[in-house]
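K.L.:
One predicted model, sequence on top.
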Amino acid sequence: MENRRIGGVHLSNIGSYEERIEDFNWDIAKDILDWKDGELLNIGAICSDRICSRGDGKKTALIWEGFGDKNARYTFDDLRVYSNGFAKFLSEQGIQPEDRVCIFMDKIPSLYFSFLGVLKLGAIAQPLFSAFGDESLEVRLASAGTRAILTTRKHVRKVRKIKDRLPELKKIIVVEGNPDRLKEGEIFFDVENSPRVEEFDVYHSTPETPSVLHYTSGTTGQPKGALHVHNSIWAQALTTSWVLDLLDDDIYWCTADPGWVTGTSYGIIGPWALGATQCVLDSGFTSSRWYKFIQDNRITVWYSAPTAIRALMKDGNELVSDFDLSSLRNLASVGEPLNAEAVIWSGEVFDGLKFHDTFWQTETGAMMITNYPGMEIRPGSMGKPFPGIKAAVLDLATHEPVDEAGKVGLIAFRPGWPSMFRQYWKQPDTYRSKFVGASENAMPDELRTNPDLWYVSGDRASIDKDGYYWFVGRDDDVINTGGHLVGPFEIESALVEHEAIAEAAAVGKPDKVNMEVVKAFVTLKPGFEPSDDLELDIMNFIRKRLSPLAMPQEIEYRDKLPKTRSGKIVRRYLRAIEWGEEVGDLSSLSDE
Ligand code: 6R9
């Protein structure tokens, strides 16, 4: 990448936001990567082989630290060879292009190698949080018809519990741990201790070849798989360059886990497409561990999330001064509203550096509305649409763009950017329902290319007179806890599997650090009495089956739950009480 540090002053890759809007063209991303039409468009290869062939094979690609003092470093040449290793191994196991391969492990180096390897083979990477319990895992593997899962000794027991119910899951591959203790049918593959694979015939993907399948929660039904394609790389690379502002000599840290789209779009694809050095910290969160990680690795660009920032804030300013964080030069955040206090705080403690808020979704694949280097940050605002993105706020009733400053509506985007999701896995109707103006039988390809439609995000915002977007809240019941979306339906379905529970509703309740945490309202079956022990038992039940994030922090016992006359539980009502908001019109509720 062109290095624009002139006389010590960095002008920023984006330069002038207004000028970029004027001359915008997605092909700029191709120029930045020096990629010519007709060349191989495969994310796995662009992020590794291509960096080596431009002469940067010896450059550090990954600086990794785990629990205790475990650490390792890998060059782009290592990335190339180890991703080849995974691609070759999976192809020998019979994995074919477009097969779904789940990656279910902690943030260990093999997660990163295998992700690129799966893509090199033309298969679809399905990364899932290693914190998921067996039920969360089963729902997603069953939905995707996943053929192979790559996991570790630590997590394989969850796969064992569910594998008999997953007829399409043919291969269980353990990439780390002790091979002697595996069960029959499980395969061991340790890429770093296998022969180096110097050459692999990378799959000739087209721009529309599927690449990554990310599961995301909605209000109704189980989580949906948002499917991305190799063409997404242009949006991921360009936003990485213009918003995160990576230069050749930066040391970059994205704190997100690749089970979340942030961890793939900006923790793998965007930065490595540009040939940047990335850091990964695979150990639990403590403020001092994070500050030390930045200090020791001289991290310059840092992409994190509001919950983490608020947790750092809580630990105070004094702790910050115990570390030398002078290497930092650009900070950004995503996942939930970044409150103004957090922006102002970061400016105070990080020597004038304020977090740049960025807004986007699993479905958008890349940043959509953000703050840019060199542009005035208005604390509390998400910034402005990325050049090339046509955004609007649609009137809640008419779905026409609002032109009045400050009026609240639905955030929407005109279809057509490169990283837009191509479908919800096997749910064409749900995909269609995300577009305003779509005809009843429109196919996914028509929807994603029709410039007259609006893709509606499911969030509310207003735009001020200068074009800055201000987040208001979600337009649905999805719970955003610490930046992770949890679907109430998934929690409720698991709750009613508990022997004591008759009916359940899950809503978000306010929380200082996580913004929201899960609260469950339950009615009990005859013969069960409310008690503290039962509450603890229910909490653990959910933690183990779903995940620690989905676990209710509070359980309220009720004799009955509020319902509509057609029998649907009204979460909106329960949520409003938690937030101390107006409950609204209750006339549609049943008096039963
Ligand atoms: C990348 C990612 C998407 C939802 C989104 C919104 C919330 C994300 C935000 C934000 C306020 C921001 N969200 N960024 N809310 N300000 N800067 O987060 O993807 O997990 O799909 O979540 O998260 O509600 O619709 P995903």
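P.N.:
Structure's in. What do you need?
K.L.:
ok, residue 113 touching residue 82?
P.N.:
Yes. Applying Cβ atoms under 8 Å as the test, residue 113 and residue 82 come out as touching, 3.8 Å apart. C-beta here means a position set from N, CA and C on the backbone, and glycine is covered the same way.
K.L.:
what residues are shared contacts of these two?
P.N.:
By the contact definition Cβ atoms under 8 Å, 6 or more residues apart in numbering, residue 113 and residue 82 are jointly contacted by residue 191.
K.L.:
quick one, which of the two is more surrounded?
P.N.:
residue 113 (27 against 24; other Cβ atoms under 10 Å).
K.L.:
In contact with the more buried one, which residues?
P.N.:
Neighbour list for residue 113: 79, 82-83, 85-86, 191 [criterion: Cβ under 8 Å, 6+ apart].
K.L.:
Among these, which ones are in strands?
P.N.:
The strands in this structure, assigned by DSSP state E, contain none of these.
K.L.:
With distance to residue 272 and pLDDT as new columns, can those residues be given to me in a markdown table?
P.N.:
Shown next, in a markdown table, are the contacts of residue 113 (distance: Cβ to Cβ, whole Å; pLDDT from 0 to 100):
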| residue | distance to residue 272 | pLDDT |
| --- | --- | --- |
| 79 | 7 | 98 |
| 82 | 13 | 98 |
| 83 | 10 | 98 |
| 85 | 17 | 98 |
| 86 | 15 | 98 |
| 191 | 17 | 98 |
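K.L.:
closest to residue 262 among these?
P.N.:
residue 79 (19.9 Å; Cβ to Cβ).
K.L.:
The nearest residue to that closest one once chain neighbours are set aside and the ligand, how far apart?
P.N.:
In this structure, residue 79 finds its nearest non-sequential neighbour in residue 48, 4.3 Å apart by Cβ to Cβ, 6 or more residues apart in numbering. To the ligand, residue 48 is 24 Å away according to Cβ to the nearest ligand atom, to the nearest Å.
K.L.:
ok, residue 48 touching residue 269?
P.N.:
No. When contacts are counted by Cβ under 8 Å, residue 48 is not listed as touching residue 269 (11.3 Å).
K.L.:
Kindly state the pLDDT recorded for the residue in the stretch 101-250 of the chain positioned nearest to the ligand?
P.N.:
For the stretch 101-250 of the chain, the residue closest to the ligand is residue 216, as judged by Cβ to the nearest ligand atom, at 4.8 Å. Residue 216 is assigned 93 on the pLDDT scale.
K.L.:
coming back round to it: who touches the residue nearest to residue 79 in this structure?
P.N.:
61, 76, 79-80, 83, 116, 272.
K.L.:
Need the residues you listed in TSV (columns: distance to residue 443 and neighbour count).
P.N.:
Shown next, in TSV, are the contacts of residue 48 (distance: Cβ to Cβ, whole Å; neighbours: other Cβ atoms under 10 Å):
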residue	distance to residue 443	neighbour count
61	39	25
76	39	26
79	37	25
80	38	28
83	34	29
116	31	28
272	33	28
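K.L.:
Distance of residue 209 relative to residue 227?
P.N.:
11 Å (Cβ to Cβ, to the nearest Å).
K.L.:
would you list every one of the helices in the stretch 201-350 of the chain?
P.N.:
233-239, 261-264, 270-273, 287-297, 306-314, 317-321, 340-349 (DSSP state H, counting those that start in this stretch).
K.L.:
Could you show which parts of the stretch 251-400 of the chain are in contact with the ligand?
P.N.:
Contact residues (Cβ under 6 Å from any ligand atom) of the stretch 251-400 of the chain with the ligand: 260-262, 334-338, 357-362, 382.
K.L.:
ok, 8 Å please
P.N.:
260-262, 265, 306, 333-338, 357-364, 369, 382 (Cβ under 8 Å from any ligand atom).
K.L.:
circling back to that earlier point, could you export the helices of the stretch 201-350 of the chain as a markdown table, including mean pLDDT and distance to residue 439?
P.N.:
Putting the helices of the stretch 201-350 of the chain into a markdown table (pLDDT from 0 to 100; distance: least, Cβ to Cβ, whole Å) gives the following:
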| stretch | mean pLDDT | distance to residue 439 |
| --- | --- | --- |
| helix 233-239 | 98 | 26 |
| helix 261-264 | 97 | 29 |
| helix 270-273 | 98 | 34 |
| helix 287-297 | 97 | 49 |
| helix 306-314 | 92 | 39 |
| helix 317-321 | 95 | 55 |
| helix 340-349 | 95 | 42 |
